[in-house]
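Student: Kindly return the folded structure for what I paste below:
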Amino acid sequence: MLAALSVTAAVAVVNWLLAHGWALVVLGVLVLSACGVRIHRGRRRSRWEAVRARELRYELSQLDGLHHSQFEAAVRDLMHRDGCRGAVRVGGGGDLGADVKATDPYGRRWVIQCKHRRHGLAGSAVGTPDFQVLNGTARQVHGADVAVIVTNGRVTAPAVAFAAQQRLHVVDRHTLAAWASGSRPLWELLRAVPPPRKPTALS
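Tutor: Predicted coordinates:
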């Protein structure tokens, strides 16, 4: 009985579609659109996985041995590895607190200030004044969604407290080691990162 009703309903639907040709056109457009979206998402995911597959990794000893400009380039390359579009190094005179800029796969704009210490933990600590500079320019000047200081050294306790108050992010030596090793993208290692700007295939 149920099978007969199903067949009858199917026949009725087919007859209706044949009698209303425009409905077939609309249905075809909807199916093609859905397929296009799936293909686009698949390609985006494949591109990100291909970037991650490059397996760019750094040991802390390698990062310690870099010149500060090379350290900025390494941070840029790590952001690119994690799928960030247009990751660029902009550090130098007049950078206004931004050494690296990037947009992650979720549409968030990252502004990163790099503080390299040749002697690692034995070097001078990154202090509150460095975070004050970032706080004054990252959002207002550079349009950051996520403002970060990355260092291979240490950060003072008052600076960490100030960063938390101002919604700035700290990538200290410990976090840098986890990120550079290729374990996870940076946004998975930081707390309270803003939500995606827009839905993506990765969200």
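Student: Return the helix or strand in the protein with minimum mean pLDDT.
Tutor: The helix or strand of the chain with the lowest confidence, counting by mean pLDDT, DSSP states H and E, is helix 21-52 at a mean of 64.
Student: got a list of contacts for the next helix or strand after it?
Tutor: Using DSSP states H and E, the next helix or strand after helix 21-52 towards the C-terminus is helix 60-64. The contact list for helix 60-64, computed with Cβ atoms under 8 Å, 6 or more residues apart in numbering, reads Phe71, Ala74, His116, Arg117, Arg118, His119, Gly120, Asn152, Arg173, Leu176, Ala177, Ala180. Glycine gets a C-beta too; all of them are placed from N, C-alpha and C.
Student: do the same with stretch 191-198
Tutor: When contacts are taken as Cβ under 8 Å, 6+ apart, the neighbours of stretch 191-198 outside the stretch itself are Tyr106, Gly107, Arg108, Asp145, Val146, Arg167, His169, Trp187, Ser203.
Student: which residue packs closest to the residue nearest the centre of the chain, ignoring adjacent ones?
Tutor: When Cα atoms, centre = their mean is applied to the chain, the residue found nearest the centroid is Asp104 (2.8 Å). Across the structure, with Cβ to Cβ, 6 or more residues apart in numbering as the measure, the residue nearest Asp104 apart from its sequence neighbours is Cys84 (5.1 Å).
Student: what's the one you found in contact with, if anything?
Tutor: Ala102, Thr103, Asp104, Pro105, Trp110.
Student: What's the local residue count around the fourth one?
Tutor: Using other Cβ atoms under 10 Å, Pro105 has 21 neighbouring residues.
Student: And it, how close does it get to Trp179?
Tutor: For Pro105, the distance to Trp179 under the criterion Cβ to Cβ, to the nearest Å works out to 16 Å.
Student: same thing with the third one?
Tutor: Counting by Cβ to Cβ, the gap between Asp104 and Trp179 amounts to 13 Å.
Student: Mind listing the shared neighbours of those two?
Tutor: Among the neighbours of Asp104, those also in contact with Trp179 (Cβ under 8 Å, 6+ apart) are Pro185.
Student: and Val155, what are its bridge partners?
Tutor: In this structure, Val155 has the following beta-bridge partners (DSSP bridges): Val126.
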